[in-house]
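Peer 1: mind looking at a prediction? Sequence and model below.
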Amino acid sequence: MQYQSFLIKYAEIGTKGKNRSVFEDALVHDIRMKLKPVKGDFIVTRERGRIYVSAKSEDFEYKDVLDALSHVFGIAGICPMLQMPNTHDYKAISQKVLSHWTDVYGERPVSFKVQSRRADKTFPMTSNELDAELGHDILEAFPECRVDVHTPEVRLFVEVRQYINIYSETLPGAGGMPLGTNGKAMLLLSGGIDSPAAGYLISRRGVVIEACYFHAPPYTSERAKEKVAQLARLVSRFSGAIALHIVNFTDIQLYIYDKCPHEELTIIMRRYMMRIAERIAGQRHCIGLITGESIGQVASQTMESLFCTNEVCSLPVYRPLISFDKQDIVSLAQKIGTYETSILPYEDCCTIFVAKHPVTRPDPEKIRASEKKLIPEIDEMVDKAIQEAELIWCDPGRENAGTDAD
Ligand code: ATP
Ligand code: MG
C-alpha cells in the first residue's frame with residue numbers, strides 16, 4: 001500500500017486576515033510548480049485552512065513527491081496520509097487504521113495516542129469515542145504497544161471531514177514563507193560557497209531572486225561561468241527559476257588595475273560590482289541587493305570595508321550570513337546541496353587581480369579620491385557592461401544554460 005495524499009502544514013505566523021489568502025495562494029501555486037516535473041497527476045486543494053496534495057492515480061513515486069514538497073518554502077511539515085471517502089461505517093475506518101499501523105510501525109512496541117477530530121458532525125461517534133475505540137482496536141492487534149496520553153511516541157490523527165484522513169508522521173518542510181509573498185531582490189552570485197547560501201536564505205523568506213555574476217574573460221573561463229549557472233540552478237530548486245545576468249567585468253577591472261593603488265583594488269572593484277548590480281536591479285524591479293558577506297571573513301569584509309562597499313548603494317543590501325562562522329555556512333551549503341559545486345577549483349575574477357596586501361581598513365575619503373581618477377572613462381565602461389550583460393535563465397529543468405531574450 002502506498003500513501004496517496006499529503007497534508008501540508010504551514011506556520012500560522014503572518015497568516016491572519018487578508019494576508020492569509022495571499023500566503024495560501026502563493027503556497028498552492030509553488031506546490032503546483034514544484035510538482036509539475038514529477039511523474040504522476042496531482043491535485044492541490046484547500047479546505048478550511050488546510051492544504052492537501054492528492055495523487056489522482058497510483059502512478060507516482062512517493063519519494064519524488066516528498067523531494068518536490070521538501071523544496072517548497074512556507075511548508076513547516078508534510079504529513080503522508082491515507083485518505084478514504086467519508087463513511088459512517090466504523091469497521092471500515094478501523095481496518096484502514098490497522099493497515100496503516102502495520103505498514104508504518106509493524107510489530108514495533110510503540111507508545112501512542114489516538115487524536116480524532118470530527119469536522120463532520122453527522123458522524124455517529126464523538127471524537128472521544130473514536131479515540132477510545134480505535135485505541136482499543138490497535139491494542140488488540142498489537143498487544144506490545146501501549147497508550148500514553150501525555151508523551152506518546154506516536155500520535156495517530158484521524159480526521160472525519162469531507163474525507164477521512166489518517167496520518168501519524170510529520171516530515172520536516174523547508175520552512176520560511178511562500179515564494180512571491182515578499183518582493184524581488186538581486187543576488188550577487190559568485191562561484192564561492194557563501195553567495196548561493198545567502199540567496200537561499202533570502203529566498204526562503206518568500207523573496208523572488210535574480211542574480212548577477214561578474215566575470216573577466218579571458219582571465220576567467222567558460223567553465224567558471226558554467227559553474228555559477230549550475231549554482232543558480234541548484235538554488236532554483238528552492239527559489240524557482242533564476243534570471244542570471246552575466247556581466248563582463250574585464251575592461252573595468254583592467255582599468256582600475258591600471259589607475260588605482262593596488263592595495264585598494266579589491267575594495268574599488270567591489271564598489272563597482274555593487275553599483276552595476278544596483279543598476280541592473282533597478283531595470284529588473286528588484287528592491288534589494290543580496291551578498292554572501294560575513295564580518296571579518298576576508299580583507300574586503302571587515303566592518304570598515306563593508307562600510308566602504310555599502311556607501312555606493314542606495315538600495316538596502318541584505319547580508320544574511322553576516323554573523324555566520326565559515327563552518328556554519330559550509331554546513332548550510334551542504335544541506336542545500338550547493339557545497340560540492342562551490343568547491344570546484346575554477347578561477348574567480350576577484351582572485352585574479354588581487355593585491356598581496358589589500359587594505360583592511362579602507363578610508364572612504366581616500367577610496368573616493370582614487371575613484372575620481374577613473375572618471376569619466378569608467379562610466380562609459382559601466383554603461384557598456386550593463387548594456388551587454390547576457391541573460392541566462394537557470395532552473396532545475398535546464399541542464400545546459402539556455403540564453404533567453406526575456
Ligand atoms: P563567495 O563564497 O560568495 O564567493 P567570498 O567569501 O569569496 O564569497 P568575496 O569574494 O569577498 O567573498 O565576495 C563577497 C560577496 O561579493 C560574495 O558573497 C558575492 O555576493 C559578491 N561577489 C564576489 N565576487 C563576485 C562575482 N564575481 N560576481 C558576483 N558577485 C560577487
Ligand atoms: Mg568569492
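Peer 2: Sure, I can see it. Ligands and ions are numbered 1, 2, ... in the order given.
Peer 1: can you pull out the low-pLDDT segments for the stretch 201-350 of the chain?
Peer 2: In the predicted model of the stretch 201-350 of the chain, residues 349-350 satisfy pLDDT under 70.
Peer 1: residues of the chain that sit close to ligand 2?
Peer 2: Proximity of the chain to ligand 2, by Cβ under 5 Å from the ion, involves residues 190, 192. Where you see a C-beta, it was placed from the backbone N, CA and C, and this is true even at glycine.
Peer 1: and after the lengthiest strand in the chain, which helix or strand comes next?
Peer 2: If you go by DSSP state E, the chain has its longest strand at strand 75-85. Following strand 75-85 in sequence order, the next helix or strand is helix 90-105 (DSSP states H and E).
Peer 1: and whichever helix or strand comes after that next one, what's buried?
Peer 2: Where DSSP H and E defines the elements, the next helix or strand beyond helix 90-105 is strand 111-118. Across strand 111-118, burial judged by 16 or more other Cβ atoms under 10 Å covers 112-116, 118.
Peer 1: ok, now stretch 53-66?
Peer 2: Applying 16+ other Cβ under 10 Å to stretch 53-66 flags 53-55, 60, 65 as buried.
Peer 1: report the mean confidence score over that stretch.
Peer 2: On average, the pLDDT along stretch 53-66 is 90.
Peer 1: could you dump it to PDB, C-alpha only?
Peer 2: Provided in PDB are the C-alpha atoms of stretch 53-66 (Å, rounded to 0.1, in the frame of the first residue of the first chain):
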ATOM      1  CA  VAL A  53      -1.900  17.200  -2.200                       C
ATOM      2  CA  SER A  54      -3.500  14.100  -3.600                       C
ATOM      3  CA  ALA A  55      -2.300  11.800  -6.300                       C
ATOM      4  CA  LYS A  56      -5.100  11.000  -8.900                       C
ATOM      5  CA  SER A  57      -3.700   7.500  -9.500                       C
ATOM      6  CA  GLU A  58      -1.000   5.200  -8.100                       C
ATOM      7  CA  ASP A  59       1.300   6.000 -10.900                       C
ATOM      8  CA  PHE A  60       3.800   8.100  -8.900                       C
ATOM      9  CA  GLU A  61       7.000   7.700  -6.800                       C
ATOM     10  CA  TYR A  62       6.400   8.500  -3.200                       C
ATOM     11  CA  LYS A  63      10.000   9.700  -2.700                       C
ATOM     12  CA  ASP A  64       9.800  12.100  -5.700                       C
ATOM     13  CA  VAL A  65       6.700  13.800  -4.400                       C
ATOM     14  CA  LEU A  66       8.300  14.200  -1.000                       C
END
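Peer 1: so what touches it?
Peer 2: 2-6, 8, 31, 35, 38-45, 69, 78, 80, 83, 171 (Cβ atoms under 8 Å, 6 or more residues apart in numbering).
Peer 1: burial check on the residue of the stretch 251-400 of the chain found nearest ligand 1, number of neighbours?
Peer 2: For the stretch 251-400 of the chain and ligand 1, the shortest gap (Cβ to the nearest ligand atom) falls at G292, measuring 2.6 Å. Other residues within reach of G292, judged by other Cβ atoms under 10 Å, total 26.
Peer 1: can you count the residues close to the closest residue in space to it that isn't next to it in sequence?
Peer 2: Spatial nearest neighbour of G292, chain neighbours left out: D194 (3.0 Å); criterion: Cβ to Cβ, 6 or more residues apart in numbering. The local packing of D194 (other Cβ under 10 Å) involves 25 other residues.
Peer 1: D194 contacts D328, doesn't it?
Peer 2: No. Between D194 and D328 there is no contact under Cβ atoms under 8 Å: 10.8 Å.
Peer 1: for ligand 1, what's the nearest residue on the stretch 101-250 of the chain?
Peer 2: For the stretch 101-250 of the chain, Cβ to the nearest ligand atom, closest residue to ligand 1: G192, 2.0 Å.
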